[in-house]
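>>> Structure of the sequence below:
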Amino acid sequence: MTALLPLALLFELLALITRVQPLSVISGALLCIFFIWHWRSLMPYPRRLGVITLALLGYWLLSGEANWQQASRMLSSAAYYAAFIGALGLMHCLVKRLHQLSELHRLLLAGPRTWLYPGYLMSTFAISSVLSFGMLNLICGSLERHIEGRPYNETQRREGRRGVMVTALRGFALVPLLAPTSVAVAILTRELPGLSWSALLPFGLLGGCVLLLFGWATENRRLQQLLDHPPGEGGPDPHPPAESLRGLFLGSLIGIGLIALLAALTWLSATQAAMLLVPLAVIVILLWQRNAPPQVFREVSETLIGMRNETFIFASSALLAGLVSAILPVHHLAEHLGSTPLVLFCLGTFGALAVMGLALLGVAPLISLNLCAALLAQLASQGLEVMQPAVALLFGFSLAMLLSPYGPSALLLARHAQLSPWRIAVGWNGRFVLSVLLPLLLIPLLA
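Numbers count the residues shown, from 1 in each chain. As a prediction, the model looks like this:
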């Protein structure tokens, strides 16, 4: 049964290449069989989400409104988002072979004191655009190794650790705004076909600048705590081997360039191009390193199996959004809504605040964004302009990643810092989110 997950990924990628929807439906069916068989191995949160989705599915089936066309579209959506997280997650096969990443803190802390925050922010963004939550594991684990054996006092350790973790989380929050590999971009561009990553990017760049400028002064002072000791006593190397990460960043730039090129030359979006190129690159590199094909297949399968909880959440949230969209025909609201800037601003603001508020209540931002995008797609089908609300949802999703005390990012950081997730999410980021909220909500007016 473990072969069903890579097989489902293969069918969905073939569906993207050929644009044959039955292949995507088959992929969704394979996912259903796999998760029914492996239900007991899922963590509590995915199982609770699955129970809610099954209950809503039962209601929809009994309502008499169910039909195969809608069901196949839901299966296709579940397969698409499962393939998204699975395809990009295969980068773990390569990253665990990159020993240079263990030098990240030493290299960043060797830079100019004033530029520590931008350096950490953009580096963690670049890594998390490929590794997703794996970046936080990498940063926190390597931070502890960096601190050990260095003569920091307790204040320096506490403030420096907080500075690195907060900056890493904010770098992670830049991914929805800037990266074609973001799940937020994947959701919005799939549910709203008129949108593209290149159209959203200018607004994401403005939002990223706001996040950078508003956090620079505060967190840079905390990061400087890790520099306040004599260079001869465990301090940063005055001549760090910058070449050790140069190849990694060059490879990342080449990868993004290839994604953009494939998206420009084909019918694929930037997200879909990434979904195809990442698994292909991983398999080619593993084979080039003289790994036997059976070994490569085993490593790919084990990586996908290890991400089964995340894959289930992505697939289930897509199915849940499709069910809500089928049960709540909000497209009738379009008759009472205009496309004036005020109406669009209110719609976008309500959506962004809803994503953030639900995150505080324990609903993963991924789920609420899926729901909002599905409902917005109904309004778009009736002629409503959706660019401005979509940009607002993007910003709401980014801030919700900072605020959610139940999300994997806050839980992971809380475990490393040995603090409450509420302290991480609300205590460390609450004031920052309040300070950037208004500027970010005003940016969609430019759309």
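
>>> Centre of the chain to stretch 178-195, how far?
For stretch 178-195, the separation from the chain centroid amounts to 11 Å (computed by C-alpha atoms, centre = their mean, to the nearest Å).

>>> Buried ones in it, by neighbour count?
Neighbour-count burial for stretch 178-195 flags 178-192, 195 (criterion: 16 or more other C-beta atoms under 10 Å). All C-beta atoms are positioned from the backbone trio N, CA, C, and that covers glycine.

>>> So L446 versus L205, what's the distance?
According to C-beta to C-beta, to the nearest Å, L446 stands 12 Å off from L205.

>>> so V324 sits right up against L371, yeah?
Yes: V324 lies in contact with L371 (C-beta atoms under 8 Å); the separation is 5.5 Å.

>>> Comparing these two, which shows the higher neighbour count?
Just comparing V324 and L371: by other C-beta atoms under 10 Å the higher neighbour count belongs to L371, 23 against 17.

>>> pretty sure the more buried one contacts G322?
No: between L371 and G322 there is no contact under C-beta under 8 Å: 9.8 Å.

>>> Okay, now the unreliable bits of the stretch 151-300 of the chain?
For the stretch 151-300 of the chain, the stretches with pLDDT under 70 are 228-252.

>>> rerun at 90
Scanning the stretch 151-300 of the chain for pLDDT under 90 picks out the ranges 151-166, 168-169, 172, 175, 178-187, 189-198, 215, 217-275, 277-279, 281-300.

>>> How many residues are close by L328?
14.

>>> Excluding residues flanking it in the chain, which one is nearest it?
Excluding the flanking residues, the one nearest L328 by C-beta to C-beta, 6 or more residues apart in numbering is L375, at 7.1 Å.

>>> related to what we said a few turns ago, which one of the buried residues of stretch 178-195 is nearest W39?
Within the buried residues of stretch 178-195, proximity to W39 (C-beta to C-beta) peaks at V183, which comes in at 23.5 Å.

>>> Quick check: the residue nearest to L328 touching L323?
No: under the criterion of C-beta under 8 Å, L375 makes no contact with L323, lying 12.0 Å away.

>>> Which one of those two is surrounded by more residues?
A direct count of neighbours by other C-beta under 10 Å for L375 and L323 places L323 higher, at 24 against 20.

>>> Can you tell me the element the residue nearest to the more buried one when sequence neighbours are not counted falls in?
In this structure, L323 finds its nearest non-sequential neighbour in L56, 4.6 Å apart by C-beta to C-beta, 6+ apart. In the assignment (DSSP states H and E), L56 maps to helix 44-62.

>>> Check which helices and strands the helix or strand that that helix is followed by sits against.
Going down the chain from helix 44-62, the next helix or strand is helix 68-89, by DSSP H and E. Under the contact criterion of 3 or more C-beta pairs under 8 Å, 6 or more residues apart in numbering; DSSP states H and E, helix 68-89 touches helix 4-18, helix 21-37, helix 183-191, helix 270-288, helix 293-306, helix 308-327.

>>> Buried residues in helix 68-89, which are they?
By neighbour count on 16+ other C-beta under 10 Å, the buried set for helix 68-89 is 71-89.

>>> got it, and stretch 260-279?
For stretch 260-279, burial by neighbour count (16+ other C-beta under 10 Å) applies to 260, 262-263, 268-279.

>>> With stretch 195-211 instead?
Quick answer for stretch 195-211 (16+ other C-beta under 10 Å): 195-197, 200-201, 203-204, 206-208, 210-211.

>>> now do stretch 346-366
Judged by neighbour count using 16+ other C-beta under 10 Å, the buried positions of stretch 346-366 are 347-349, 351-356, 358-360, 363-366.

>>> contacting residues for the spatially closest residue to L287 that is not a sequence neighbour?
In space, L287 comes closest to V296 once its chain neighbours are excluded; the distance is 6.1 Å by C-beta to C-beta, 6+ apart. Contacts for V296 (C-beta atoms under 8 Å, 6 or more residues apart in numbering) come out as 283, 286-287.

>>> Is it possible to mark the buried ones in the residues you listed?
Listed as buried from the contacts of V296 are 283, 286; burial here means 16+ other C-beta under 10 Å.

>>> could you measure L403 against P180, distance?
Counting by C-beta to C-beta, the separation of L403 from P180 is 24 Å.

>>> hang on, I meant L375
Separation of L375 from P180 (C-beta to C-beta) stands at 24 Å.

>>> what's the answer for G194, then?
In this view, G194 and P180 are 17 Å apart by C-beta to C-beta.

>>> which ones are touching A173?
211, 398-399, 401-402.

>>> Next, the contact list for the closest residue to L4 other than its chain neighbours, please.
Counting by C-beta to C-beta, 6+ apart, L4 lies nearest to F34, which is 4.1 Å off, once chain neighbours are set aside. F34 sits next to 1, 4-5, 8 when contact means C-beta under 8 Å, 6+ apart.
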